[in-house]
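Enquirer: structure, please.
(one chain, ligands or ions: 1)
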Amino acid sequence: MSLLSLADVYRARQRLAGRVALTPLVASPALSARADVPVFLKLETVQPTGSFKLRGATNALAQLAETGVKRVVTASTGNHGRALAYAAHALGMEAAVCMSSLVPRNKVDAVAALGARVVISGKSQDEAQVEAQRLMREEGYAFVPPFDDLRVIAGQATIGLEIFEALPDTATIVVPLSGGGLFSGVAFAAKQIRPDVSAIGVSMARGAAMHASLAAGHPVDVEESETLADSLGGGIGLDNRHTFAFTRALADEVVLLSEPSIARGIAHAYREERLVVEGAGAVGIAALLDGLLEQRKGPIVIVVSGANIDTTVHRRLVAER
Ligand SMILES: *Cc1c(COP(=O)(O)O)cnc(C)c1O
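Expert: Prediction:
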């Protein structure tokens, strides 16, 4: 963790200026009434690629561009690939994106539409990763990981700066958690600014690799399965360098959610907040609705991390309840 400083986060913000949105922090009367403390939503859904991942990708690519790198590659469950494609285009670079065959069609199409080279390989995030590493070795691409990278973490951490500028007395931050790049960055910036803030990570119960790793005391693999929170799928890497240590040091608690809870979060976002939110983006809202944040001090800020849900799935979930 000492490898990152708040100054790095401010430098990341300068690189992001004009390239990513300064996202709104909006009060949620419905959730505030439910929680009995003020609740705010940090809307990364409005980023041009529909998720916060544009921040980390842009910070990493801007630094690579400064050193003359022209081609970048990643493996991604979708949102990082989309962000990389968009950032590469904006910076005049070429992007290749490796994905597993489990990645939903809407995400694959979105990456291709942004002009990236899409490579489908294997049935898991790990197998797609192997292909990306091959492109790096054999075709001279620079590899940009989705989470376990200090440049990516510093980019995601700019969310923490924005939260405290908008709401200096934030007492609790609630952050979707998969590989931990988002959680590490936001919790790092938040606790640098206000050490007594509570940072809560939220994952789906099905295949929560970071949660299992924290329990084991070291990075472990879990079996991947389908979940409404598809952007939270995938392992943290058995050779994890940064996000496991950051998350272990910074997480006050990690809570897990059932699939029906995630569905409820998506439906609440649409009906009460008028927001289209993907499963991974809705887990913070779902945790609050499940009563898992009842002991937490307000104001509570929930990071709503992404909007990229298949429209057919969304329509079904919203109609069901
Ligand atoms: C990637 C992603 C996450 C999880 O981010 P990590 O850095 O892997 O923990 C959460 N929500 C959305 C929408 C994402 O795309």
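
Enquirer: now do the buried residues in the host helix or strand of residue 153.
Expert: Per DSSP states H and E: residue 153 is located in helix 150-166. Buried residues in helix 150-166, counted by 16 or more other CB atoms under 10 Å: 150-164, 166. C-beta coordinates here come from the backbone N, C-alpha and C atoms, glycine included.

Enquirer: report the contact partners of the nearest residue in space to residue 243 that is not next to it in sequence.
Expert: Among residues not flanking residue 243 along the chain, residue 180 sits closest, at 3.4 Å (CB to CB, 6 or more residues apart in numbering). By CB atoms under 8 Å, 6 or more residues apart in numbering, the contact set of residue 180 is 147-148, 201, 210, 236, 243-244, 246-247.

Enquirer: can you name the next helix or strand after the one helix or strand in the chain whose mean pLDDT sits lowest?
Expert: None of the helices or strands of the chain scores lower by mean pLDDT, DSSP states H and E than helix 105-113, at a mean of 84. Next in sequence after helix 105-113, counting helices and strands by DSSP H and E, comes strand 117-120.

Enquirer: what's next to the next helix or strand after that following strand, contact-wise?
Expert: Remark: after strand 117-120, the chain's next helix or strand is helix 125-139, criterion DSSP H and E. By CB under 8 Å, 6+ apart, the list of residues contacting helix 125-139 from outside reads 71, 73-77, 96, 98-100, 119, 121-122, 141-143, 224, 233-235.

Enquirer: most proximal residue of the protein with respect to the ligand?
Expert: Residue nearest to the ligand within the chain: residue 306 (2.6 Å; CB to the nearest ligand atom).

Enquirer: in the stretch 1-150 of the chain, which spans are helices?
Expert: 6-16, 29-35, 53-66, 79-90, 105-113, 125-139, 150-166 (DSSP state H, counting those that start in this stretch).

Enquirer: need the winner for burial among those helices.
Expert: helix 79-90 (a mean of 28; mean count of other CB atoms under 10 Å).

Enquirer: which elements pack onto that one?
Expert: Secondary structure elements in contact with helix 79-90, counted by 3 or more CB pairs under 8 Å, 6 or more residues apart in numbering; DSSP states H and E, are helix 53-66, strand 71-75, strand 94-99, helix 105-113.

Enquirer: about what we covered before: buried subset of the contacts of helix 125-139?
Expert: For the contacts of helix 125-139, buried by 16+ other CB under 10 Å: 71, 73-77, 96, 98-100, 119, 121-122, 141-142, 224, 233-235.

Enquirer: which of those are close to the ligand?
Expert: Counting by CB under 6 Å from any ligand atom, nothing from the buried ones among the contacts of helix 125-139 sits close to the ligand.

Enquirer: the ligand contacts on the chain?
Expert: So far as CB under 6 Å from any ligand atom goes, the chain lies against the ligand at 51, 53, 79, 147, 176-183, 231-232, 278, 280-281, 305-306.

Enquirer: from residue 189, how far off is the residue nearest the centre of the chain?
Expert: The chain has residue 182 as the residue nearest its centroid, 4.8 Å off, counting by CA atoms, centre = their mean. For residue 182, the distance to residue 189 equals 11 Å [CB to CB, to the nearest Å].

Enquirer: what sits in contact with each of those two?
Expert: residue 159.

Enquirer: Three-state assignment for the residue nearest to the centre of the chain, please.
Expert: For residue 182, the assignment made with DSSP: H, G, I helix; E, B strand; the rest coil gives helix.

Enquirer: which residues are in contact with it?
Expert: 52, 147, 156, 159, 175-176, 303, 305.

Enquirer: equivalent analysis for residue 279, please.
Expert: Residue 279 makes contacts with 204, 227-232, 262, 265-266, 309, as judged by CB under 8 Å, 6+ apart.

Enquirer: equivalent analysis for residue 234, please.
Expert: Contact analysis of residue 234 by CB under 8 Å, 6+ apart lists 77, 124-126, 178-179, 209, 224.

Enquirer: just the CA coordinates of the helix holding residue 153, formatted as PDB?
Expert: Extracted C-alpha coordinates of helix 150-166, given in PDB (Å, rounded to 0.1, in the frame of the first residue of the first chain):
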ATOM      1  CA  LEU A 150      -1.300   0.600  -9.300                       C
ATOM      2  CA  ARG A 151      -2.200   2.900 -12.300                       C
ATOM      3  CA  VAL A 152      -5.700   1.300 -12.500                       C
ATOM      4  CA  ILE A 153      -6.200   1.600  -8.700                       C
ATOM      5  CA  ALA A 154      -5.100   5.200  -8.700                       C
ATOM      6  CA  GLY A 155      -7.600   5.900 -11.500                       C
ATOM      7  CA  GLN A 156     -10.500   4.300  -9.600                       C
ATOM      8  CA  ALA A 157      -9.400   6.200  -6.500                       C
ATOM      9  CA  THR A 158     -10.400   9.500  -8.100                       C
ATOM     10  CA  ILE A 159     -14.000   8.500  -7.200                       C
ATOM     11  CA  GLY A 160     -12.900   8.800  -3.500                       C
ATOM     12  CA  LEU A 161     -11.700  12.300  -4.100                       C
ATOM     13  CA  GLU A 162     -14.900  13.300  -5.700                       C
ATOM     14  CA  ILE A 163     -17.000  11.800  -2.900                       C
ATOM     15  CA  PHE A 164     -15.200  13.800  -0.200                       C
ATOM     16  CA  GLU A 165     -15.300  17.000  -2.200                       C
ATOM     17  CA  ALA A 166     -19.000  16.700  -2.600                       C
END
